[in-house]
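Undergrad: Everything below, folded, please.
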Amino acid sequence: MDWGTDLWDQYDVIDKHTQSGLDLVERYIKFVKERTEIEQYYAKQLRSLTKKYAKRGSKEEQECKFSNHASFQEILNELNDYAGQRELIAENMMTGICVELTKFMQDLKHERKTHLSDAKKAQQNLESSFKHHESTKKRFAKEWAEAEKATQQAEKTENDLNATKLDVEKAKQHAHARTHTAEECRNDYAAQLQKYNKEQNFLYYTEIPQIFNKLQDMDERRIRQLAEGYCQFSEIEKKVMPIISKCLEGISTAGAKINEKQDSELFIEQHKSGFERPCDVEFEDYSQGIKPATSDSSLNPPRVRNKLWPFSKKNKMSHAEKHMPLAAEDFSHLPPEQRKKRLQAKIDDINKDLQKAQDQSEALEKMKGVYEQNPQMGDPSSLEPQITETTQNIGRLKGELTKYESWLLEAVGGEESSNIINNNTQHSVVAADASQNIYTEFDDEFEDIASPIGHCTALYTFEGNSEETISITEGELLTVMEDDKGDGWMRVLRASGEEGYIPSSYVKLSP
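TA: Numbers count the residues shown, from 1 in each chain. Predicted structure coming up:
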C-alpha cells in the first residue's frame, strides 16, 4: 500500500498529516531543550551545594583528619563529579538530539514544500486543460446549432414557391458553410477531449502517485529519525550511568570506611595534655594554730587546677589570664603532649623548607657552572644575588632547626629526645642526598614549560567535541598538567603531544 495509489485524491489530508508530523518534531526538540535546562540547573545547584559544605580553613582541615569528616568531604567530591555527569548529559542531548533534529527538520520542510507545490502545479495545469476543453465543447455546440438552423432555413427557402433560384442557392451555400464550420469545431473538440483525457490519465496514474509516494517516503524518514531521537534520549543517559554508578559507589565506600575507634584515638592524641590528675587538697586545721598557706604553697596553683577543670566555662577568665600572651614561640603555653607535637610538626616543616632551599642552591650552582662553560647561554654573575639569598635562607633555616630541636629536647628530656633529634637529622640528610639527583640535566634552551603534576589512566572513552577539550580512549595513559579546580574538568597531555581538558571522573589517578 502506498499514498500514490490509495490516497491519490487526498491532497488536503496529506498536507495536514505531513504538517502534523513536522509539528511533532518541533515539540520534541522543545521538550529535549527544556530537559537539558533542567539538567543544567540541577548540576549547577549540586555544585553550589558541594561548594557550600566544603571545608575551608586550618581548623576545618584539622577536623578532616577524622574519618567521619574526611568521608563527608569525599561524598562532596563524588557529588561534584556526579554534577559533571548531569552537565555532560545536557550537552550531549543538545548536540546529539536538538541540533541534529533541527537541521533535519529544516531539510524536510523544504522538501515537503517542493512536493506539495509540484502536486498543486500539476493539478492547476489539468484544470487549465479542462477549461480549454470546455471552451471547444461549447463552441462546437454553438456552431452545430447554427449549422442546423442554416440547413433548416435552406430547406424552407427551397420549398418556398416565391423564392428565387438565387435565394435558394444562397441559402444552401450559407447552410453548407455553417456545416463545414461545425465540423471543424467538432474535430477541435474531439482533439481537445483526447488531449485532456491523456493529461488527466498521466496526472492521476503517474504524476500524482509519484509526488505522493515521495511525500510518503519523506514522512517515513521523519518518523525513523524521530524514533532514533527517542532512543537517544535514553542512550545518552545510559552511557554515563557507569560513571554515575561509580560516583554513588564512591559515596557508599566513603561511608563504609569510617572508623569510629580510630577517630576517638585521634581525638585523644590531638588534645591530651599529659598533666597528672590533681592531688587531694590537704586539710589545714586552723584550730591547732596552723598558719595559712605561705606564698611558697601558693605556687601550687589553684589557677592550674582551674585551667584543668574540664567543665569550666571559657568566657569566665581571670584578670591574669586575660593579660597572658596568646601563644609562645616555643609553644610553652601548651600542655606537654601538645607542645611536643607542635614542636615536632614545626621541625618537619623546617626540614621540608630546608630541603627545598638546598635543592634550589644546588640547581643555581649547576646552572652557574653551565653558564661558565657556555658563556653564550648566560652571564654567571647574574646568578650571584640568587645564590647569596639562597645561602642566607639555608643558614636561617638551620638556625631555626637547631632552636626548635633544643626546645623539643627540653620538652621530651632524656634519651627519648636524642632519638627524635637524630631521626630528624637523618631525615634531613637523606632528603638532601636524594635531592642531588634532581638537577643532573638541563634543557639546552631552558624553556619555561608547565611541569606535569602526576599521571592517570582513562577509565572510559571521551569524545572532545567542544573547544579546548580532547578525545581519549579507554585504558590510555595520560599525564596530568592541571588538577581539577572544582568544576569537574582537568587538563592532561596525551602521548601524541595533544593537550586539553577532560572530565575528571573519566580517569583514575596513578599512585
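
Undergrad: switch to C-alpha atoms for all contacts and neighbour counts from now on
TA: Fine.

Undergrad: sec struct for Asn485, please.
TA: Quick fix: residue 485 reads Lys, not Asn. Of the three states, Lys485 takes coil under DSSP: H, G, I helix; E, B strand; the rest coil.

Undergrad: same deal with Met481?
TA: Quick answer, by three-state DSSP: Met481 is strand.

Undergrad: Name the SS class of the residue lying closest to it once chain neighbours are set aside, please.
TA: Using C-alpha to C-alpha, 6 or more residues apart in numbering and skipping residues adjacent in sequence, the residue nearest Met481 is Pro452, 4.7 Å away. Look at Pro452: counting by three-state DSSP, its state is coil.

Undergrad: What backbone torsions are found at Pro452?
TA: phi -70, psi 150 (degrees, to the nearest 10).

Undergrad: I'd like the distance between it and Thr390.
TA: Computed as C-alpha to C-alpha, to the nearest Å, the Pro452 to Thr390 distance reads 25 Å.

Undergrad: neighbour count winner among these two?
TA: More crowded of Pro452 and Thr390, by other C-alpha atoms under 10 Å: Thr390, with 19 against 13.

Undergrad: Now do the contacts for the more buried one.
TA: 357, 360-361 (C-alpha atoms under 8 Å, 6 or more residues apart in numbering).

Undergrad: With secondary structure, distance to Lys195 and neighbour count added, can I get those in JSON lines?
TA: Listed next are the contacts of Thr390 as JSON lines, based on DSSP: H, G, I helix; E, B strand; the rest coil; distance: C-alpha to C-alpha, whole Å; neighbours: other C-alpha atoms under 10 Å:
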{"residue": "Ala357", "secondary structure": "helix", "distance to Lys195": "104", "neighbour count": "21"}
{"residue": "Gln360", "secondary structure": "helix", "distance to Lys195": "102", "neighbour count": "18"}
{"residue": "Ser361", "secondary structure": "helix", "distance to Lys195": "105", "neighbour count": "20"}
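
Undergrad: Quick one: list the elements packing against the helix or strand where Glu183 lies.
TA: Using DSSP states H and E, Glu183 falls within helix 165-202. Judged by 3 or more C-alpha pairs under 8 Å, 6 or more residues apart in numbering; DSSP states H and E, the packing partners of helix 165-202 are helix 100-159.

Undergrad: State the mean pLDDT of the helix it packs on.
TA: Helix 100-159 shows a mean pLDDT of 91.

Undergrad: That one vs helix 165-202, what angle?
TA: Per axes from the mean of the first three to the mean of the last three C-alpha atoms, to 10 degrees, the angle that helix 100-159 makes with helix 165-202 is 160 degrees.

Undergrad: Check which helices and strands helix 100-159 sits against.
TA: Contacts defined by 3+ C-alpha pairs under 8 Å, 6+ apart place helix 100-159 against helix 11-53, helix 165-202, helix 208-256.

Undergrad: Surely the residue nearest to Met481 touches Asp483?
TA: No. Look at Pro452 against Asp483 with C-alpha atoms under 8 Å: they stay out of range, at 9.9 Å.

Undergrad: still on that earlier bit, separation between the residue nearest to Met481 and Leu248?
TA: For Pro452 relative to Leu248 (C-alpha to C-alpha), the value is 30 Å.

Undergrad: just Leu193 next, same as before
TA: Where Leu248 is concerned, Leu193 sits at a distance of 80 Å (C-alpha to C-alpha).

Undergrad: In terms of neighbours, single out the busier of these two.
TA: Leu193 (19 against 16).

Undergrad: who are the neighbours in contact with that one?
TA: His133.

Undergrad: What score does it have for pLDDT?
TA: Looking at Leu193, the pLDDT reads 92.

Undergrad: Please renumber the chain so that the first residue is 31 from this point on.
TA: Done: numbering now begins at 31, and the last item shifts to Leu223.

Undergrad: Could you tell me which ranges of the stretch 331-480 of the chain sit under the pLDDT cut-off?
TA: 331-357, 443-480 (pLDDT under 70).

Undergrad: repeat that with 80
TA: Along the stretch 331-480 of the chain, segments meeting pLDDT under 80 span 331-369, 406-408, 441-480.

Undergrad: Let me see the backbone angles for Asp310.
TA: As for Asp310, its main-chain torsions (degrees, to the nearest 10) stand at phi -70, psi 140.

Undergrad: And Asp517, how far from Glu497?
TA: Distance of Asp517 to Glu497, given as C-alpha to C-alpha: 16 Å.

Undergrad: Those two: which has the busier surroundings?
TA: For Asp517 versus Glu497, neighbours defined as other C-alpha under 10 Å are more numerous around Asp517 (13 against 8).

Undergrad: Now do the same contact list for that one.
TA: 77, 110, 114 are the contacts of Asp517 under C-alpha under 8 Å, 6+ apart.

Undergrad: name the element the last one belongs to?
TA: Right, the one you point to is Gly114. Assigned by DSSP H and E, Gly114 falls in helix 97-123.

Undergrad: pLDDT of that helix, averaged?
TA: Here the average pLDDT along helix 97-123 is 93.

Undergrad: quick one: that helix to helix 130-189, angle?
TA: 20 degrees.

Undergrad: And helix 97-123, how far out from the chain middle?
TA: 12 Å (C-alpha atoms, centre = their mean, to the nearest Å).

Undergrad: For that helix, enumerate the helices and strands it packs against.
TA: Counting by 3+ C-alpha pairs under 8 Å, 6+ apart, helix 97-123 packs on helix 41-83, helix 238-286, helix 290-301.

Undergrad: list the buried ones in the last one?
TA: Residues of helix 290-301 classed as buried by neighbour count (16 or more other C-alpha atoms under 10 Å): Asp293.

Undergrad: got the contact list for that helix?
TA: Taking C-alpha under 8 Å, 6+ apart as the rule, helix 290-301 contacts 96-98, 368.

Undergrad: okay if I get those as CSV plus neighbour count and distance to His162?
TA: Formatted as CSV, the contacts of helix 290-301 follow (neighbours: other C-alpha atoms under 10 Å; distance: C-alpha to C-alpha, whole Å):
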residue, neighbour count, distance to His162
Phe96, 19, 98
Ser97, 21, 96
Asn98, 19, 94
Gln368, 19, 113
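
Undergrad: can you tell me which two in those residues are farthest apart?
TA: Asn98 and Gln368 (22.8 Å; C-alpha to C-alpha).

Undergrad: hang on, the earlier thing: who touches the residue nearest to Met511 in this structure?
TA: 509-512.

Undergrad: Now do it against Ser535, distance only.
TA: According to C-alpha to C-alpha, Pro482 and Ser535 sit 19 Å apart.

Undergrad: where do the helices sit along the stretch 331-480 of the chain?
TA: Secondary structure of the stretch 331-480 of the chain (DSSP state H, counting those that start in this stretch): helices at 332-338, 349-352, 366-403, 414-442, 444-465.

Undergrad: what about the closest residue in space to Ser362 that isn't next to it in sequence, distance to Asp379?
TA: Nearest residue to Ser362 in three dimensions, chain neighbours excluded: Arg369, at 6.6 Å (C-alpha to C-alpha, 6+ apart). Arg369 sits at a distance of 15 Å from Asp379 (criterion: C-alpha to C-alpha).

Undergrad: and if you look at Gly259?
TA: Following C-alpha to C-alpha, the distance that separates Gly259 from Asp379 is 59 Å.

Undergrad: and what of Arg57?
TA: 63 Å.

Undergrad: for Ser282, same thing?
TA: From Ser282 to Asp379 the distance is 35 Å (C-alpha to C-alpha).
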